[in-house]
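Colleague: Got a sequence here, can you model it:
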Amino acid sequence: MFSTKPSGRKSPSKKKTSKEDKKMTLQNRITVKINGCLSDVREGRSKGKSLDSPEVCEPLRELANEIGFIMSQELKLSEKFELGDKLCTDVLKEETLVDDMIDFCLQNINKLSPISSEEEVTWTFFMNGTIFSSDLSRKLSKSKLLEYGKDILEATHDSYMYVNGKSTIHGSILELIAATTHNMCTFCDVTSDVRAAGYLPVYLKYLESDIVKHDLLVRVPILAAASDIMNEHDASMAGSRDDVEYMICGIGEAIRCVSGQYDGWFAFELAKIIGNLAIFDSNKKLLVEYGVLEPLIKLAKQSEEIEQITATKVLAHLAFDDDNKKTFVSDTQTDVVTTLFDLARSSRYPDVRESAKGVLWTLSEQLHSSTKYADLVQELFGKKTKGHVMISYSREQRPLLLRIKQAITEAGFSVWMDIEQMRENVYDRMAEAIQEASVVLISMSYSYQRSEYCRREAAYASSLKRARIPLLVDPGYTAEGWLALMTAGDYHYDFVRKPFETKIVELIKELERRCVKSQGDTTDGIIKQEVSPQQSSQAVSSHGVPSYNVPSAHGQIHSSPPPTHTEESAQSKKHSKRWKKFSKLNQEEFMVWLEKQNLPRDIFESYRAKDIVFFAQMKEESPDNYYRHVMKLSKTKNKVEAFKMAADFTKSLEHLKITKEES
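Modeller: Prediction:
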């Protein structure tokens, strides 16, 4: 059960214990059953039996089905995901079992003949396992299985059919592969890999076929898989009113149902499909006209985090349409705004509070004009000052953007960049960053365009009339949709096809022409800055190195290098050389280093040497973010223990050395 409907009175503690015991009994029964199947698979393989032998295939079939059955049990969603992930981890640890399952499928890669029932068993495991295990999704995404699955669907498209209302073997594999890629994109961030494998044109081809077009129960799963990897121009080709009304009905029925499912769909899954369609501007208004607000608000009022966060994220996409904004604020029947304010202030999940705040932020102009909501929105968002260069980017392009940040910081500009992912007060900090910015660098990429957070940053910066400079940072991306429209007519600085050194010089010159470093009186486009007597003559740059303020002939404050710049550069090169060597340590050498530094293995064994180098770079470039992050490493509520661990780790960064000579 995951409904939040109150029971009306408190249950006696004895009943609570009984309910907890029942849950534990259920979880233990599932665990014993799956472990028994795994043991039978292990025994068969130890006797040299192949995956298609009855001794291995039958327990593997039962194993795959039992993992899928977890989602239909009377547990909270969070409990189902936790249990499923644990059991899938056990399967992944079973020597080479999963690798052998992948290889077993790939035996057919050159023939692409209709798959056998034994191969269908492995796809059933992949479909159910990817609901729970990100590790499994990543393993599949990096193998040849993705392309193989796409090739199967292409090869069997013409022979896909239903007989007496039931799918043929081809229909069955279509549903298995579509569900697998959908789960991979929904529960693990491997969307780029699935798209690169070429699934989208295949799914769209199926959606246009007469059989699929007229069978809603087959069409919606394929639409779900296609919606994960669509671009703007694909969106109008998918998602009819019948599809959306099915999802609207399904959300309501799943919420009411004891199992929490409707036709095998959870409410949040159907909302996620609507959200995928809502990313694209051509769909936003239509979806609201079709009636998606009411079920989304019902979902937002449920108790589980995945339900609340999915609902608010879909509302976030829909809120970028001007007509929808008016509907959100004026619609008293569904009461969208009140629900969002309630979530922003009182949801027990920090990410949900921030997501709800984000939607309200998008609606801020309409809310400020409303007598009903003006005071509430003023309470959440306030105006602050401005002055720095802000880098708005998607994390996939972080390495290149860190290079750009370093270059423009060394040129004397104050730079704001979210180096670690903000988790608390995200929109307060984002708002302050944009409000205090005089120039916003827009990092153009496929992931940036699809991100509601990035779109919100760009839209808010535009609404405040902040100077905007687009940067091309994604080799495979061509601007389209809202991002193309927003940056049309702007000069794009191409860091993909042009030499970095050439473009960074051009960018710095442009920043020198545009960038406002502090408030002051404007004369001929030059800002005069007044420095208060209390202001220190030294300021710390984003690298943690003091910089010195020198008035120019125009009275503008420029940040020039400190007197020890040569020594500092030599020290930086020395750091860089050591860091580069350290990052090449293999895992065994890295473990030895951990022991020498007396750092706890249970915390750091999942890290790599290059990750430790990134911490060292963060400490140099953004000390505030570094210390905030490092205090969370120990995962303990004991602040003293966390502080000691942070101190030990910080001290260890001084010893990123390999040889005695370097020491």
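Colleague: what's around residue 123, how many residues?
Modeller: Using other CB atoms under 10 Å, residue 123 has 23 neighbouring residues. C-beta here means a position set from N, CA and C on the backbone, and glycine is covered the same way.
Colleague: Surely it touches residue 176?
Modeller: Yes - under the criterion of CB atoms under 8 Å, residue 123 lies in contact with residue 176, with a separation of 4.3 Å.
Colleague: Endpoint to endpoint, stretch 45-64 covers what distance?
Modeller: 17 Å (CA to CA, to the nearest Å).
Colleague: For that stretch, which outside residues touch it?
Modeller: 34, 37-38, 40-41, 43-44, 91, 97, 100-101, 104, 116, 118-119, 121-122, 124-125, 128-129 (CB atoms under 8 Å, 6 or more residues apart in numbering).
Colleague: What mean pLDDT does that stretch get?
Modeller: Here the mean pLDDT over stretch 45-64 is 94, rounded to a whole number.
Colleague: Pull out the buried positions in that stretch.
Modeller: Residues of stretch 45-64 classed as buried under the neighbour-count rule (16 or more other CB atoms under 10 Å) are 45, 51-52, 55-64.
Colleague: try stretch 309-318
Modeller: For stretch 309-318, by 16+ other CB under 10 Å, it's 309, 310, 311, 312, 313, 314, 315, 316, 317, 318.
Colleague: what's the answer for stretch 204-211, then?
Modeller: Judged by neighbour count using 16+ other CB under 10 Å, the buried positions of stretch 204-211 are 204, 206, 207, 209.
Colleague: Can you tell me the SS state at the residue nearest the centre of the chain?
Modeller: Taking CA atoms, centre = their mean, the centroid of the chain lies closest to residue 189, which sits 6.3 Å from it. For residue 189, the secondary structure call by DSSP: H, G, I helix; E, B strand; the rest coil comes out as coil.
Colleague: do you know how far it is from residue 134?
Modeller: Residue 189 is 8 Å from residue 134, where distance means CB to CB, to the nearest Å.
Colleague: Also residue 225?
Modeller: Separation of residue 225 from residue 134 (CB to CB) stands at 18 Å.
Colleague: Surely residue 467 touches residue 440?
Modeller: Yes - contact between residue 467 and residue 440 holds when scored by CB under 8 Å: they sit 7.0 Å apart.
Colleague: next SSE after the helix ranked longest in the chain?
Modeller: Assignment by DSSP state H gives helix 13-46 as the longest helix of the chain. Once helix 13-46 ends, the next helix or strand along the chain (criterion: DSSP states H and E) is helix 54-69.
Colleague: Let me know the angle separating that next one from helix 13-46.
Modeller: Relative orientation of helix 54-69 with respect to helix 13-46: 150 degrees, computed using axes from the mean of the first three to the mean of the last three CA atoms, to 10 degrees.
Colleague: so where is the stretch 51-200 of the chain shaky, pLDDT-wise?
Modeller: Low-confidence segments of the stretch 51-200 of the chain, defined by pLDDT under 70, span residues 112-113, 159-171.
Colleague: Off-centre distance for whichever strand or helix holds residue 89?
Modeller: Using DSSP H and E, residue 89 sits within helix 77-92. For helix 77-92, the distance from its own C-alpha centre to the chain's C-alpha centre is 20 Å (CA atoms, centre = their mean, to the nearest Å).
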